[in-house]
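**Q** what follows is a predicted protein model with its sequence.
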Amino acid sequence: MSFTLRDYQADGKERTRQAFRTARGVIAVAPCGAGKTVLSSSIMEDAAAKGRRTWFIVHREELIDQTARTLRKGGVKFGVVKANDSRIDPSALIQICSDRTLINRLSQIAEPDFIISDECHHDAAAGRKKILEAYPKAKILGLTATPYRLDGHGLRGCGYETIVEITTVAKLTAAGYLVPARVLEAEKVDLSGVTRRGGDYAIGELAGRVNTAKLRANAIDAWHEHARGLQTIVFAVNIRHMEEICEAYRATGVKAECVWGAMDKAKRPAIIEAYANREFTVLVNVGVATEGYDAPGIECVQCLRPTQSKNLFVQMIGRGLRIYPGKEKCIVLDHAGLIEEHGFITDPVTYTLDGGVEQAKARPTRKCKACGAKYAGMPPYCPMCGASLIDMAGRTDEPLGLGDRAYQMVEAKRREKPDRVAQQADSLKWIFLNDLKQARARGYKPGWAVGRYKSRVKGARVSDEAMELARRRGLGIELRPGEDGKMQWQWTDRASAAA
């Protein structure tokens, strides 16, 4: 075997193999940094050893290269299905496929026995779904950290029948495979009235709330106070926001660069490589450094992009959690209310194939004339670059500059869910005390109060809190053996005091 697996990877691989005994489609869920590429490469190697033809489907060029590097290190033969790629090898049993290229070449490539769909939460999209439905006899393995979609479509309809959770962020952190996140929260930006489209905030309106001189200044001030000098990735709302944040950093003497989805493909890899080599400190991005972006040296994640997408939240925070020499933690500067909206990244999540966590609907119907991005519904703004008729005509904004600090960032505290049992007991004990008071006043036995209490609140038990409070207030009762030997509620010597 060419790949050395960690214990949880080996265990997850075996549980996935067992799941395929009764299911055609299995989703393997593992967090960012869990090593999904190594795990899937080991699975592909096993399939090839049995003579099975495997397609590994991805949606971004960076993911093709990442998988190719891993397979090459393991000495595993593979081919690539991607337009204008020199790594074509039709004879290889393993094919790394760009989904967009594959859709147009289905009839030209040998039929697969096994399909691995990377970032499989995209499988509900028409193109991916077409590929999976074209080969109903092939087994399907979906890989993702987030098996849910903002449009609310479940993945059961894509051929998946069960989910195997390989591991969790909490377990990986405890084992030392991820670094812990220290989250600092800023005062939440007022987003009241911002339109929601496709299940998330309308990008143009969102940028109008977030991209102000004061909030940019606050973001730069917070970084200098809490993360100065740390290798930092910044998530902006749109291209204009990204550029102005980048300029604000540079104005304070910090080396910063920008990358975005529609950027010149010849320039983007060079900037990303320079960042990985620590040639500059701050990388501000829009729509690039999420799925499949691997830069273990990131020491700080600055979130300036509010979102209702749990998927996007997990992807953003996950960029900074990979281990790296000398790195003990990741500073998360949350300016977007993400922790308040989604909780901590270590919080447990229950997954489902029927709709997932996020519920919304979107219709990809428009294409931006400014940057070429496709987006949902009929919004007046492009979700990638924020372009609108007003934007393209030249909209003015507050002048770039550093304003007065509007808030102090504070350590995020875990917000425990209320203990509903304790809350109920706290309310019910007052009912119980009142019944005890009436029993004492009427000369009844305390059993009358207990029985009345239970009849009023069917199924409830007298709480220890209520009993203790009754004793403290002089309404002392306790269970004692009666004349028939059975335990009965009886007044204590302290019962003479008034309630």
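**A** Okay, I see it. Residues are numbered from 1 along each chain as shown.
**Q** beta partners for the closest residue to Thr307 other than its chain neighbours?
**A** Distances taken as Cβ to Cβ, 6 or more residues apart in numbering put Asp200 closest to Thr307, at 5.8 Å, once the chain neighbours are dropped. Backbone N, C-alpha and C define where each C-beta goes, glycine included. Judged by DSSP bridges, the bridge partners of Asp200 are Arg197.
**Q** please tell me how far Asp200 sits from Val210.
**A** 14 Å (Cβ to Cβ, to the nearest Å).
**Q** got it, and Val332?
**A** Val332 is 17 Å from Val210, by Cβ to Cβ.
**Q** same thing with Leu333?
**A** Applying Cβ to Cβ to Leu333 and Val210 gives a distance of 14 Å.
**Q** next: Ala145.
**A** Taking Cβ to Cβ, one finds Ala145 at 25 Å from Val210.
**Q** ok, now Leu5?
**A** 42 Å.
**Q** more neighbours, these two?
**A** Val210 (24 against 16; other Cβ atoms under 10 Å).
**Q** pretty sure that one contacts Leu304?
**A** Yes. Val210 lies in contact with Leu304 (Cβ atoms under 8 Å); the separation is 6.3 Å.
**Q** intersection of neighbour lists for the two?
**A** Listed as contacting both Val210 and Leu304 by Cβ atoms under 8 Å, 6 or more residues apart in numbering are 237, 241, 336.
**Q** and these, which is closest to Gly33?
**A** Among the shared contacts of Val210 and Leu304, Ala336 lies closest to Gly33 (Cβ to Cβ), at 21.7 Å.
**Q** how about the host helix or strand of Tyr453: buried residues?
**A** Per DSSP states H and E, Tyr453 falls inside helix 446-456. Across helix 446-456, burial judged by 16 or more other Cβ atoms under 10 Å covers 446, 448-450, 452-453.
**Q** again with stretch 213-226
**A** Of the residues in stretch 213-226, 213, 215-223, 226 count as buried by neighbour count, 16+ other Cβ under 10 Å.
**Q** mind putting the residues you listed in TSV, secondary structure, pLDDT and distance to Arg440 included?
**A** TSV is the format used below for those (DSSP: H, G, I helix; E, B strand; the rest coil; pLDDT from 0 to 100; distance: Cβ to Cβ, whole Å):
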residue	secondary structure	pLDDT	distance to Arg440
Ala213	helix	91	68
Leu215	helix	92	62
Arg216	helix	93	67
Ala217	helix	92	66
Asn218	helix	92	61
Ala219	helix	94	63
Ile220	helix	95	67
Asp221	helix	93	63
Ala222	helix	94	60
Trp223	helix	96	65
His226	helix	93	59
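**Q** closest to Gln315 out of those?
**A** Looking across the buried residues of stretch 213-226 and measuring by Cβ to Cβ, the closest to Gln315 is Ala219, at 19.9 Å.
**Q** ok so Leu63 is a helix residue?
**A** Yes. Leu63: assigned to a helix according to DSSP: H, G, I helix; E, B strand; the rest coil.
**Q** and the nearest residue to Val237 once chain neighbours are set aside, how far is that from Pro306?
**A** Closest residue in space to Val237, ignoring its immediate chain neighbours: Ala207 at 4.5 Å, by Cβ to Cβ, 6+ apart. Computed as Cβ to Cβ, the Ala207 to Pro306 distance reads 10 Å.
**Q** which residues are common contacts for those two?
**A** Val237.
**Q** doesn't Phe280 make contact with Gly229?
**A** No. If you go by Cβ under 8 Å, Gly229 and Phe280 don't touch, sitting 12.0 Å apart.
**Q** neighbour count: the two, which is higher?
**A** Phe280 (16 against 11).
**Q** what's the closest non-adjacent residue to that one?
**A** With Cβ to Cβ, 6+ apart, the residue lying closest to Phe280 is Lys255, at 3.7 Å.
**Q** so who does that neighbour touch?
**A** Here Lys255 is in contact with 279-282 (Cβ under 8 Å, 6+ apart).
**Q** repeat that for Cys303.
**A** 235, 316-317, 332-336, 338.
**Q** mind picking the two most distant members of the residues you listed?
**A** Using Cβ to Cβ, the pair of the contacts of Cys303 lying farthest apart is Ile317 and His335, separated by 13.2 Å.
**Q** for the record, mean pLDDT for the helix holding Tyr453?
**A** The average of the pLDDT scores along helix 446-456 is 78.
**Q** okay, which residue is most central for this structure?
**A** The chain has Val314 as the residue nearest its centroid, 2.4 Å off, counting by Cα atoms, centre = their mean.
**Q** okay, now the residue nearest to Val237: neighbour count?
**A** Taking other Cβ under 10 Å as the neighbour definition, Ala207 ends up with a count of 24.
**Q** A helix includes it, no?
**A** Yes. According to three-state DSSP, Ala207 belongs to a helix.
**Q** how much space separates the residue nearest to Thr307 from Leu191?
**A** Taking Cβ to Cβ, one finds Asp200 at 11 Å from Leu191.
**Q** surely Val301 is in contact with Met316?
**A** Yes. If you go by Cβ under 8 Å, Val301 and Met316 touch, sitting 6.3 Å apart.
**Q** residues contacting Tyr293?
**A** 62, 319.
**Q** for the stretch 151-300 of the chain, which spans come out with low pLDDT?
**A** Counting by pLDDT under 70, the stretch 151-300 of the chain contains low-confidence residues at 151-152, 291-292.
**Q** which parts of it are helices?
**A** Here the stretch 151-300 of the chain has its helices, by DSSP state H, counting those that start in this stretch, at 169-175, 203-210, 213-226, 239-251, 268-276.
**Q** can you tell me the closest non-neighbouring residue to Asn211?
**A** Using Cβ to Cβ, 6+ apart, the nearest residue to Asn211 is His241, at 4.2 Å.
**Q** Thr352: which of the contacts of Lys255 is nearest?
**A** Val282 (38.0 Å).
**Q** from Thr212, how far off is that closest one?
**A** The value you get for Val282 to Thr212, if Cβ to Cβ is used, is 19 Å.
**Q** how about Ile43, what does it touch?
**A** 13, 16, 116, 141.
**Q** per-residue pLDDT, it?
**A** 95.
**Q** and what of Tyr324?
**A** Reported pLDDT for Tyr324: 94.
**Q** verify the contact between it and Arg278 for me.
**A** No. Between Tyr324 and Arg278 there is no contact under Cβ under 8 Å: 10.7 Å.
**Q** who has more neighbours, these two?
**A** Between Tyr324 and Arg278, Tyr324 has the larger neighbour count (other Cβ under 10 Å), namely 15 against 9.
**Q** three-state assignment of the more buried one?
**A** On the three-state scheme (three-state DSSP), Tyr324 is labelled coil.
**Q** likewise for the one 4 residues further on?
**A** Taking three-state DSSP as the rule, one finds Glu328 in the coil state.
**Q** can you report how many residues lie near it?
**A** 10.
**Q** contacting residues for it?
**A** Glu328 makes contact with Val179, according to Cβ under 8 Å, 6+ apart.
**Q** distance of it relative to Leu321?
**A** 12 Å.
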